[in-house]
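Asker: coords below, sequence missing:
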């Protein structure tokens, strides 16, 4: 039976549930932006949203279409320079969660948003890092949103734009990485740093997930089960946050 929600809606809802009330979150545009605003409308009204453009504590009345959207300014706690966002908040250890997208991601959470193919002569040139590399390094934990596909989940990415948590180990402890896909949730193993299967969506089995990644996917001892989006979550997404389906295309 076909579910009553799209893969994009499922990913957005699961990502929103990853966020706790009162956390400080560095927000990107697209599904990460939608997920943060859904969390704020449901279980996390005190979520503190920080955008790269300088909006701190943003409370947009409508879904912002870019990091420069004026809706981010009205009612925000402060508006500062991009330098202040990165130096005073991110590099100063004040960001608890960073939400990122990925064109490619490998088994250790390295993210590519720069090129597909060789850097000198790529088949596709992507937008690049923006603030993603700094977010991946300095945020307390990382939540990545990406559709499950072997072209995306690679044994090795074509270019490391944002280093994974394994690459950042220098003898100290670092936060976790959770990857929200359209079929399951992966998370970084605390010992190896490798992404492993942590939770399955309704109607999906582990073999289906393993077929969508380019490495031998291991799993936690006991997989969590993710519940479907509620009527309230879907109503907010479809009628309040993204009524024009800018991000929620099926």
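Answerer: That came in fine, so what should we check first? Note that the structure is predicted; figures quoted are calculated from it, not measured.

Asker: Can you tell me which helices and strands the lowest-mean-pLDDT helix or strand in the chain packs against?
Answerer: When each helix and strand of the chain is scored by mean pLDDT, DSSP states H and E, strand 219-225 comes last, with a mean of 86. Here strand 219-225 touches strand 195-200, going by 3 or more Cβ pairs under 8 Å, 6 or more residues apart in numbering; DSSP states H and E. C-beta: built from backbone N, CA, C; applies to glycine.

Asker: What are the buried residues along the strand it packs on?
Answerer: Within strand 195-200, the residues scored as buried using 16 or more other Cβ atoms under 10 Å are 195, 197, 198, 199, 200.

Asker: Run the chain-centre distance for the next helix or strand after the least confident helix or strand of the chain.
Answerer: As assigned by DSSP states H and E, the chain's next helix or strand after strand 219-225 is helix 231-235. Relative to the chain's own centre, helix 231-235 is displaced by 20 Å; criterion: Cα atoms, centre = their mean, to the nearest Å.

Asker: Tell me which residue is most central in the protein.
Answerer: Central residue of the chain (Cα atoms, centre = their mean): residue 144, 3.0 Å from the mean position.

Asker: quick one: secondary structure of that residue?
Answerer: Counting by DSSP: H, G, I helix; E, B strand; the rest coil, the backbone at residue 144 sits in strand.

Asker: next one: residue 33
Answerer: helix.

Asker: So what's the residue count around it?
Answerer: Residue 33 has 25 neighbours, counted by other Cβ atoms under 10 Å.

Asker: Where do the helices of this protein begin and end?
Answerer: Secondary structure of the chain by DSSP state H: the helices cover 7-17, 31-41, 82-84, 132-138, 206-210, 231-235.

Asker: in the shortest one, what's buried?
Answerer: Spelled out, that is helix 82-84. Per 16+ other Cβ under 10 Å, helix 82-84 contains no buried residues.

Asker: any idea of the mean pLDDT in it?
Answerer: For helix 82-84, the mean pLDDT works out to 94.

Asker: by contact count, what packs against it?
Answerer: Using 3+ Cβ pairs under 8 Å, 6+ apart: helix 82-84 touches no other helix or strand.

Asker: For it, which outside residues touch it?
Answerer: 52, 53, 54 (Cβ atoms under 8 Å, 6 or more residues apart in numbering).

Asker: Can you check the pLDDT for the residue nearest to the centre of the chain?
Answerer: So residue 144 comes in at 95 (pLDDT).

Asker: picking up where we left off before, could you check how far the least confident helix or strand of the chain is from the centre of its chain?
Answerer: 21 Å.

Asker: what do you get for stretch 224-231?
Answerer: 18 Å.

Asker: Could you list the low-confidence segments of this protein?
Answerer: Low-confidence segments of the chain (pLDDT under 70): 1-2, 166-174, 249-250.

Asker: residue contacts, residue 51?
Answerer: Applying Cβ under 8 Å, 6+ apart, the residues contacting residue 51 are 27, 58, 64, 67, 72, 85.

Asker: Can you tell me which of the buried residues of strand 195-200 is nearest residue 158?
Answerer: Distance to residue 158 across the buried residues of strand 195-200 (Cβ to Cβ) is lowest for residue 195, with 17.5 Å.

Asker: Look up how far residue 87 lies from that closest one.
Answerer: Applying Cβ to Cβ, to the nearest Å, the value for residue 195 to residue 87 is 30 Å.

Asker: repeat for residue 37
Answerer: Residue 37 is 26 Å from residue 87, by Cβ to Cβ.

Asker: Ok, residue 125 next?
Answerer: From residue 125 to residue 87 the distance is 29 Å (Cβ to Cβ).

Asker: what do you get for residue 128?
Answerer: 20 Å.

Asker: and what of residue 54?
Answerer: Applying Cβ to Cβ to residue 54 and residue 87 gives a distance of 12 Å.
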